[in-house]
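# 3D, please:
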Amino acid sequence: MSSTISDDPTPPPPHTRDFHPGDIDGIVDLWERTVTRPADAVYSLSEVLASCREDHALVAVDDNETVVGAIVGRAAHAQGWIVFFGVTPSRHDSTVASALVNHLARKMGPLGLDRLSAIVSSDEARFDDYVREGFSARENLRYLERMVTVSAHELAVLRELGGHTLPPDLWTAVGGMHRERNCSNCV
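Coordinates of the predicted model:
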């Protein structure tokens, strides 16, 4: 009688599935492990978690149902946008990344989308994974954003009170008072 003992420490490959509310802690842990500079992330953790609940989120889990990878996408204007894509560093290999991207493409394809897109920081660790999965880098594009200074709730209150918002450049357009505007210790 012969038995085979494997010395291979490689864990079995994870499987992908739809996100469940119980995966939130795993997503947060994965975010903290894979997003090197949260201030530079295109989508904040709160946006990722909201998108997990409202859009298309998939996780890669091991045999213990521990989240080892995730991809979150949202559909907008006949295009799929990847909001978050991460794989635990200890399980990072192209098979996990590939399984997640391909599963998301299959899930979002029936929505009539003609492409999946992602905006990533220039030093994003996942960049090579995106390229390996068939994404093309668009070299002549730059990402711009502007914060909305008045929330929908604040606008509603302003309207109710008969108020309105002023143009954002109004202060700089007003002439005069240069000394007062530049005074750093004025009372």
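
# Let me know the next secondary structure element after the helix or strand bottoming out on mean pLDDT in the chain.
Here the helix or strand of the chain ranked lowest by mean pLDDT, DSSP states H and E is helix 170-173, holding a mean of 70. Sequence order places helix 178-182 as the next helix or strand after helix 170-173, per DSSP states H and E.

# Alpha carbons only: can I get that next one in PDB?
Extracted in PDB, the C-alpha atoms of helix 178-182 (Å, rounded to 0.1, in the frame of the first residue of the first chain):
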ATOM      1  CA  HIS A 178      -5.100  93.200  -1.700                       C
ATOM      2  CA  ARG A 179      -3.300  94.000   1.500                       C
ATOM      3  CA  GLU A 180      -6.200  92.700   3.700                       C
ATOM      4  CA  ARG A 181      -6.600  89.500   1.700                       C
ATOM      5  CA  ASN A 182      -2.900  88.700   2.000                       C
END
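
# For it, what is the distance to the chain centroid?
The chain centroid and the centroid of helix 178-182 are separated by 41 Å, computed with CA atoms, centre = their mean, to the nearest Å.

# Tell me where this protein has strands.
Remark: strands assigned in the chain by DSSP state E are 15-18, 56-61, 67-76, 79-87, 116-118.

# Identify the bridge partners of residue 61.
Applying DSSP bridges to residue 61 gives these bridge partners: residue 15, residue 67.

# wait, it sits on residue 68?
Yes - the pair residue 61 / residue 68 is scored as a contact, 6.5 Å apart, by CB atoms under 8 Å. Quick note: C-beta positions are derived from backbone N, CA and C, even for glycine.

# and for these two, which residues touch both?
Contact criterion CB atoms under 8 Å, 6 or more residues apart in numbering; residues shared by residue 61 and residue 68: residue 14.

# The two - which one has more neighbours?
The neighbour comparison of residue 61 against residue 68 (other CB atoms under 10 Å) goes to residue 68, with 22 against 18.

# Quick check: the gap between the more buried one and residue 74.
Relative to residue 74, residue 68 is positioned 22 Å away (CB to CB, to the nearest Å).

# what do you get for residue 85?
Residue 85 is 13 Å from residue 74, by CB to CB.
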